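**Student:** here's a sequence, model it:
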Amino acid sequence: MKSILIAALLLGCTSLYAQKAPATDSADGKFYSKGGANRALNIDAGVTTSHQVTIKGQVVPYKVTAGTLPVWDEDGKAIAALEYTYYERTDITNKSTRPLIISFNGGPGSASVWMHIAYTGPRILEIDSEGYPIQPYGIKENPYSVLDVADIVFVNPVNTGYSRILIKDTPKEKFFGVNADIKYLAEWLNNFVTRKSRWTSPKYIIGESYGTTRVSGLALELQNTHWMYLNGVILVSPTELGRMSHHQPRGSCSCRASSLAGRSLTTRRTITAGRSMAATFSTRQMQPFSAVRSGSWRSPTTRS
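**Tutor:** As a prediction, the model looks like this:
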């Protein structure tokens, strides 16, 4: 497990390298870097291992999948592959009542590494109350992880972690831009939720920094284009969403993001007061997952 989390940290730190790594046309369903066939990454695969963690005094068994799923264009051709890490509690049999949290960091250009190993994941870095690493460097169990009450998927957008563009002549505008980012990620999430059979699960989406812009827009895009209605939107260190409307066309995803997030949090009553998660590494940096941890989400039949 330690090797998996250290690798995840390296993925976040290699985002700059990822931007320099050239995409290569691949007919065999793999991405090849300059290193050749010995450095190939399957664009649609996963590796699953099993573990356990103690959260709030309770032993929680889980499995974690490190995998990739493609992004397709309008003609059904795979043009990119996104890498993700997916945590599932294994002693839960009814997934239809088990919440799923979809997690993003910001940047743009940052992998989901800090949400993963500094906040909500079952293992976090050894750091002090101000967020500085403690020597000797390492990881520890996260007693405040939300894995006891919800499954989590950490998603790395294109050019972060191991996520790559596959076809070298693919227009960069497909991925890089406020609305382009929202559009392709919404399509990818539709695929992920379908593959993992999580359509009936309560679904929350969380973003940090620029990720707050991303997830607010995703809430609208998922609802309007994919008929995926989220149970809640969680914003960590929010950006000034309203200011973006001055630079975006009326009715665009980013222009309407702030009001969409507000509707998700208030009129649908999905986020309410609950017990605090306590600070994972600083009381000044993060706020609690009130609705998920207090069980205040409502099923489609009871939601007002």
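**Student:** low-scoring pLDDT stretches of the protein, where are they?
**Tutor:** 1-39, 241-304 (pLDDT under 70).
**Student:** can you give me the strands for it?
**Tutor:** Assigned by DSSP state E, the chain shows strands spanning 30-32, 40-42, 45-55, 58-72, 78-89, 100-104, 123-125, 139-141, 151-156, 164-165, 203-208, 232-236.
**Student:** so which of the ones you listed is nearest Glu221?
**Tutor:** In terms of C-beta to C-beta, the element of those nearest to Glu221 is strand 203-208, at 11.0 Å. In this view, the C-beta of every residue, glycine as well, is placed from N, C-alpha and C.
**Student:** ok, back up a step: now render the strands of the chain as CSV, adding mean neighbour count and distance to Thr225.
**Tutor:** Compiled in CSV, these are given as follows (neighbours: other C-beta atoms under 10 Å; distance: least, C-beta to C-beta, whole Å):
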stretch, mean neighbour count, distance to Thr225
strand 30-32, 20, 27
strand 40-42, 15, 28
strand 45-55, 14, 26
strand 58-72, 18, 15
strand 78-89, 23, 18
strand 100-104, 26, 16
strand 123-125, 22, 35
strand 139-141, 15, 38
strand 151-156, 25, 18
strand 164-165, 23, 22
strand 203-208, 26, 15
strand 232-236, 24, 16
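**Student:** and of these, who's closest to Ser216?
**Tutor:** Ser216 lies closest to strand 232-236 among these, at 6.3 Å (C-beta to C-beta).
**Student:** I'd like to know which of the strands of the chain lies nearest to Ala219.
**Tutor:** Comparing the strands of the chain against Ala219 with C-beta to C-beta, the closest turns out to be strand 232-236 (5.1 Å).
**Student:** just the endpoints, please. Distance across stretch 172-182?
**Tutor:** End-to-end distance for stretch 172-182, by C-alpha to C-alpha, to the nearest Å: 14 Å.
**Student:** got a markdown table for the strands of the chain, with distance to Asn191 too?
**Tutor:** Output for those, formatted as a markdown table (distance: least, C-beta to C-beta, whole Å):
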| stretch | distance to Asn191 |
| --- | --- |
| strand 30-32 | 18 |
| strand 40-42 | 16 |
| strand 45-55 | 13 |
| strand 58-72 | 6 |
| strand 78-89 | 9 |
| strand 100-104 | 13 |
| strand 123-125 | 27 |
| strand 139-141 | 30 |
| strand 151-156 | 12 |
| strand 164-165 | 17 |
| strand 203-208 | 14 |
| strand 232-236 | 21 |
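**Student:** so which of those is nearest Lys174?
**Tutor:** Of all the strands of the chain, strand 78-89 comes closest under C-beta to C-beta, at 6.8 Å.
**Student:** against Arg164, how distant is Lys172?
**Tutor:** 13 Å (C-beta to C-beta, to the nearest Å).
**Student:** same check, this time on Ala78
**Tutor:** Using C-beta to C-beta, one obtains 11 Å as the distance from Ala78 to Arg164.
**Student:** then Ser237?
**Tutor:** From Ser237 across to Arg164, the span is 27 Å (C-beta to C-beta).
**Student:** can you check Val59 too?
**Tutor:** Using C-beta to C-beta, Val59 is found at 37 Å from Arg164.
**Student:** now do Ala81
**Tutor:** Distance, Ala81 to Arg164, using C-beta to C-beta: 6 Å.
**Student:** before we move on, what about Ile92?
**Tutor:** From Ile92 to Arg164 the distance is 33 Å (C-beta to C-beta).
**Student:** same check, this time on Ser209
**Tutor:** Here Ser209 is placed at a distance of 23 Å from Arg164 (C-beta to C-beta).
**Student:** Leu230 now?
**Tutor:** Leu230 is 27 Å from Arg164, by C-beta to C-beta.
**Student:** got it, and Arg198?
**Tutor:** Taken as C-beta to C-beta, the span from Arg198 to Arg164 is 25 Å.
**Student:** same question, Arg195
**Tutor:** As judged by C-beta to C-beta, Arg195 and Arg164 stand 19 Å apart.
**Student:** my guess is Glu126 contacts Tyr132, does it?
**Tutor:** No - using C-beta atoms under 8 Å, Glu126 is not in contact with Tyr132; the gap is 10.2 Å.
**Student:** who has more neighbours out of the two?
**Tutor:** Each of Glu126 and Tyr132 has its neighbours counted (other C-beta atoms under 10 Å); Glu126 has more, 12 against 9.
**Student:** if I pick the more buried one, what's in contact with it?
**Tutor:** Residues near Glu126 by C-beta atoms under 8 Å, 6 or more residues apart in numbering: Pro133, Ile134, Tyr137, Gly138, Ile139, Lys140.
**Student:** let's see it at 6 Å
**Tutor:** Residues near Glu126 by C-beta atoms under 6 Å, 6 or more residues apart in numbering: Ile134, Gly138, Lys140.
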